[in-house]
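Novice: Sequence and predicted structure are below.
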Amino acid sequence: MAAADSPSTALRRRDLCSRGIRLAGKMRADVIDLLDAYVERQGLDASASVAAVEGVPLAAVERWDEQTGTQRLLENLAAYRAFRTLLAQMLEEQREQLGEADAGLGRALAAVLLQVSAFTYHLEELLRLESRGIPGEEEDGPPPPPRLSIFEQKLRGLGVLRELAQWAVRSTRDLRQLAKPSSATGTAPGLTESP
């Protein structure tokens, strides 16, 4: 019996998925709070339309229900690695722009960055459980952003936070799908590659 088919592996997967769902829910709540504070402190309009931001992965996906579990995990991993880089850039820009004048926003950004890093590690653990190789960082990270004006940085930050909130929702859906036992084998559907 393959490791991915053993009952202990199935239980471990469900446990990791359950913890991941809780992490994603907490992260989404914190991102929503941060988004509200960010809009207020940056002087932005909450309803401002932000075009797609370079380097920000989109949570929307066509044919979500046709994806395998591995595809879901790999897309989530790539997205959260990109968000980790983008949030670190936002934190640096925040410090450059406001220094210690707005330490609360900096702390909130740092807390969300820590959650994204923890969630990234969690996704890597799920991929290890499935005996899948974990892609290297260099494949997933966005290119360094061009030098933007302060206003453009603020809009990019708004776009990053909005999309991160959407990814938290998608990740919850993906993990719920992965945690579902298959009626025949007791393993999560879609964790193996399509035949």
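Specialist: Sure thing, it's come through.
Novice: which residue sits closest to the spatially most central residue of the chain in space, ignoring its chain neighbours?
Specialist: The chain has Tyr80 as the residue nearest its centroid, 3.7 Å off, counting by C-alpha atoms, centre = their mean. Counting by C-beta to C-beta, 6 or more residues apart in numbering, the nearest residue to Tyr80 once its immediate chain neighbours are dropped is Thr120, at 4.4 Å. Quick note: C-beta positions are derived from backbone N, CA and C, even for glycine.
Novice: from memory that neighbour sits against Arg81, does it?
Specialist: Yes - in this structure Thr120 lies within contact range of Arg81 using C-beta atoms under 8 Å: 5.9 Å.
Novice: Which of those two has more residues huddled nearby?
Specialist: Here Thr120 and Arg81 are set side by side on neighbour count (other C-beta atoms under 10 Å), and the busier one is Arg81, at 24 against 21.
Novice: can you tell me which helix or strand the more buried one belongs to?
Specialist: helix 69-98 (DSSP states H and E).
Novice: elements contacting that helix?
Specialist: helix 103-129, helix 137-140, helix 150-179 (3 or more C-beta pairs under 8 Å, 6 or more residues apart in numbering; DSSP states H and E).
Novice: List just the one of those helices that sits closest to Gln94.
Specialist: helix 103-129 (5.4 Å; C-beta to C-beta).
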